[in-house]
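Please work out how this folds:
(2 chains)
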Protein chains: 2
Amino acid sequence: MKKINTAPISGTQELTPREQAKFDRLKTLISSSYHQHGFLNIETPTIERTEILLAKAGGETEKQIYRVVKTSSAESNDKESLRFDHTVPLARYVVEHENDLHFPFKVSQVGVNFRGERAQKGRFREFYQCDIDVIGRNSLPIAYDADVIATLLSTLLSFELNTPVLARVSNRKILSGLLEALDLVEKSKDIFNIIDHAEKVTPEQTKTSLEELGLEKDIVKKLTAFIDLNGERSEVIKSLGNLEISNETFSEGILELDQVLYLLESAGFKEQAIADMKIVRGLDYYTGTVFEFILPEYKNIGSICGGGRYENLTKYFTDKSFPGVGGSIGLTRLFYVLNECGLVADKTHLLDYAIVPVSENEFDEAMIVARKLRNKKYSTTIVFAGKNLGDKLTYATKVSKNGIVIGEAEINSETLKSKNFETGETSEININAEANPEDFWAD
Amino acid sequence: MKKINTAPISGTQELTPREQAKFDRLKTLISSSYHQHGFLNIETPTIERTEILLAKAGGETEKQIYRVVKTSSAESNDKESLRFDHTVPLARYVVEHENDLHFPFKVSQVGVNFRGERAQKGRFREFYQCDIDVIGRNSLPIAYDADVIATLLSTLLSFELNTPVLARVSNRKILSGLLEALDLVEKSKDIFNIIDHAEKVTPEQTKTSLEELGLEKDIVKKLTAFIDLNGERSEVIKSLGNLEISNETFSEGILELDQVLYLLESAGFKEQAIADMKIVRGLDYYTGTVFEFILPEYKNIGSICGGGRYENLTKYFTDKSFPGVGGSIGLTRLFYVLNECGLVADKTHLLDYAIVPVSENEFDEAMIVARKLRNKKYSTTIVFAGKNLGDKLTYATKVSKNGIVIGEAEINSETLKSKNFETGETSEININAEANPEDFWAD
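Coordinates of the predicted model:
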């Protein structure tokens, strides 16, 4: 009988070993893809000084910060808190360790963040966020924007989801320049918001929202035409030119977008990366390239990855200038929704071998064989427990792909048989072929 | 100029990318070794209900628990806290997910724990703990004790520290039985303590401490002889027999110790695993096998790994019985001390390739070559930034083992040269050999 409620707290992920293996596979793919693309991994402490977090946080985020309080301390203090994202700790890290870093600093962070959100389905209070960023000192070439998007695309493609992945890319300068040219800067906050929500409403509703701002008909027409622009690079670039906007920021944005998408095409991502003027990514942070990834066949999932270019990572912490570009995969949420859609492969949870000694007399032999298999990088367990051989074999089939029974007969004949539990096929192993470990395993 | 203190909070680990690569290498070796030995990975939330943690915690530990408080909540509450070890969450997990698990449940946990200790050199408030446990339902064969020790030994040997690793193994039943037989059960707490500290004082001081308990001379002599027993299995087992103690628990402990060490010998660890009667491992938790690992050439480091057999993992949470055996590597502390001794290899922080395009005209070609290298699992970065070629090459040597310059000449000749920055050697790459990716790289 249970003496206490043993459920994990709400808003956290706790998986069975089988589901955990699926999750861990994605996490490992992310880490190794980030590394392959030249990003250096760092890890900042989970606990930060509250003043560091509050430097950037504000509004909703500030309310969601978890304070950390030592039980034994007499007075309550709020000096330390749990990080809510990787960006603020990264900014602190770059300022603190500047002299140990080589710029541009290509950096990855894979770890847990915390937000005191109201718990609801698919929303997490403790969640993995997997970030990459390229941080320049004073300046950073636009090509790194393509580098970041290519890395995230490769990473998500490595999941082998059996459904296409699409990167939708825009540049905030294009919209900012457009609004400057149309003399709409004062209304830009509202217009940004309307575009940001354009996907969730009908085109008619977007038009109405723009009209309600008191805009003239031809301006609304121009804006809706702009919002609808998306597709292959050269076409969208051409259409943007056809808008006949004369503004420096606008032109600069187009040039940058063109460069980013051209480099992505060079890297072989012509199918996976398009221009899309609906991508805005909130109001504050981003200043150039912005992007969001979706699974076009599963639109209801929404964005599965996003990011962009920012003016200065460290403005709250130093007067120096560290421009950057970055993106993030929210792995806990992503795993949850991908799993709901049945898109995560389930093939990694079983061990390679389970060795089943018939009796205690073969435990030592089992240890020997297991060590040889492990030296060859096979995951291997020994089934020491079980009332009888049948019991042990049942257990073996639950945890492993293949089974090897070791009894007196097997030891005398110096030959072991491995059985594939899925196909039923057996193959022979000569346990004395020790000389060359590569030859040990009879194929 | 810095506007704010950007140091990480005290008692946490924050590493440069180069040091982080060393740390990550050890963490990856641990995870893959645990997996190879058949342990299934799980991850419990960092935040637990406080009542769960308090079920086992007590004394010092209880005072060290960090409460988690949401900023926006009006009243302070202490319902949620940060876990201080993996054992309590594992107990909760086993009770909660019992029906999804196969017993014996071989489980690994690699993650961060938190203790509000007073910060001091080499002591951490946030630290990685890397645990394995085998949990039985109602019973668990003694062979799993050898399984756990063999796994931890293999893991630590995989670090390739260039110094021996030694597992010192005992069994609590031997000492308990001895004290029963000598009619010293009432003083067992004091005697356990004295043995636990025997290593930190001279043999003479240990003798004095025992005498101060009011023990007779020949009893003290018997105990000190017992404490000094250590070495190869068969010899220690024989010496234990020579003590001529007639007690069931004592005999059972010897038998178990013999079995565990015999199986470790079978697995090839005769050199690395010895019997040692000084190993006690605290007072409460362990009931059978106990072990501690050391680096004999670096005795001042102390224990680098420890664990043992416990009666029932889940006694605070359920009436069912889940006996187990487990061990743990405290990675953050271990990395700290190994690094201080210069024992951690520093060879993993550099990328395989840095591609250096001479000008923007070769950025696209660089993207193509980089993707090919990454498809072959080489970690590769492209150096887009830098005032001139010399600048870019300097950066390349800082982040990578090899460099590939791509300029007009290289593209026209359809041949790229890769330079090993360490040896200065160059080798050729044919960038058009695409057909068979395995042949792409000219060896």
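
quick one: stretch A:233-244 near chain B?
No - judged by C-beta under 8 Å from any C-beta of the partner chain, stretch A:233-244 makes no contact with chain B; its nearest approach is 13.0 Å. Glycine gets a C-beta too; all of them are placed from N, C-alpha and C.

Grab the CA positions of that stretch and hand them over as CSV.
The C-alpha atoms that make up stretch A:233-244 are tabulated as CSV, following Å, rounded to 0.1, in the frame of the first residue of the first chain:
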residue,chain,number,x,y,z
ARG,A,233,14.0,32.9,-52.4
SER,A,234,14.3,34.4,-55.8
GLU,A,235,10.6,34.8,-56.3
VAL,A,236,9.9,36.4,-52.9
ILE,A,237,12.9,38.7,-53.4
LYS,A,238,11.5,39.7,-56.8
SER,A,239,8.0,40.3,-55.4
LEU,A,240,9.5,42.4,-52.6
GLY,A,241,11.2,44.5,-55.2
ASN,A,242,7.9,44.9,-57.0
LEU,A,243,6.5,46.6,-54.0
GLU,A,244,8.5,49.7,-55.1
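
Quick check, pLDDT for residue A:442.
pLDDT recorded at residue A:442 is 40.

where does the stretch 101-250 of chain A come near chain B, residue by residue?
Residues of the stretch 101-250 of chain A lying near chain B (C-beta under 8 Å from any C-beta): A:101-104, A:106-107, A:112, A:114, A:116, A:125-126, A:136, A:139-141, A:143-144, A:146-147, A:150, A:154.

Now restrict those to buried residues only.
The neighbour-count criterion (16 or more other C-beta atoms under 10 Å in any protein chain shown) marks A:101, A:103-104, A:106-107, A:112, A:114, A:116, A:125-126, A:136, A:140-141, A:143-144, A:146-147, A:150, A:154 among those as buried.

Of those residues, which belong to helices?
A:143-144, A:146-147, A:150, A:154 (DSSP state H).

Low-confidence ranges, chain A, go.
For chain A, the stretches flagged by pLDDT under 70 are A:1, A:57-58, A:71-77, A:119, A:283, A:431-443.

hey, where'd the strands end up in the stretch 1-150 of chain A?
Using DSSP state E, counting those that start in this stretch, the strands of the stretch 1-150 of chain A run over residues A:40-41, A:47-49, A:66-70, A:80-82, A:105-114, A:126-135.

got these as JSON lines, with distance to residue B:191 columns?
Below are the strands of the stretch 1-150 of chain A laid out as JSON lines (distance: least, C-beta to C-beta, whole Å):
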{"stretch": "strand A:40-41", "distance to residue B:191": "48"}
{"stretch": "strand A:47-49", "distance to residue B:191": "40"}
{"stretch": "strand A:66-70", "distance to residue B:191": "35"}
{"stretch": "strand A:80-82", "distance to residue B:191": "42"}
{"stretch": "strand A:105-114", "distance to residue B:191": "44"}
{"stretch": "strand A:126-135", "distance to residue B:191": "44"}
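
distance between stretch A:380-399 and the chain's centre?
37 Å (C-alpha atoms, centre = their mean, to the nearest Å).

Now do it: everything it contacts.
For stretch A:380-399, contacts defined as C-beta atoms under 8 Å, 6 or more residues apart in numbering or on different chains pick out A:350-358, A:363, A:366-367, A:370, A:373-374, A:400, A:403, A:405, A:421, B:36-38, B:40, B:102-104, B:106, B:136, B:139-141, B:143-144, B:147.

what does stretch A:406-419 give?
Here stretch A:406-419 has contacts from A:353, A:355-359, A:361-362, A:365-366, A:369, A:402-405, A:425-432, using C-beta under 8 Å, 6+ apart.

coming back round to it: out of the strands of the stretch 1-150 of chain A, nearest to residue B:249?
Of all those, it is strand A:66-70 that lies closest to residue B:249, at 41.2 Å by C-beta to C-beta.

Just the buried residues of the closest one, please?
Quick answer for strand A:66-70 (16+ other C-beta under 10 Å): A:66-70.

List the residues that contact residue A:293.
So residue A:293 contacts A:152-153, A:156, A:165-168, A:303-306 (C-beta under 8 Å, 6+ apart).
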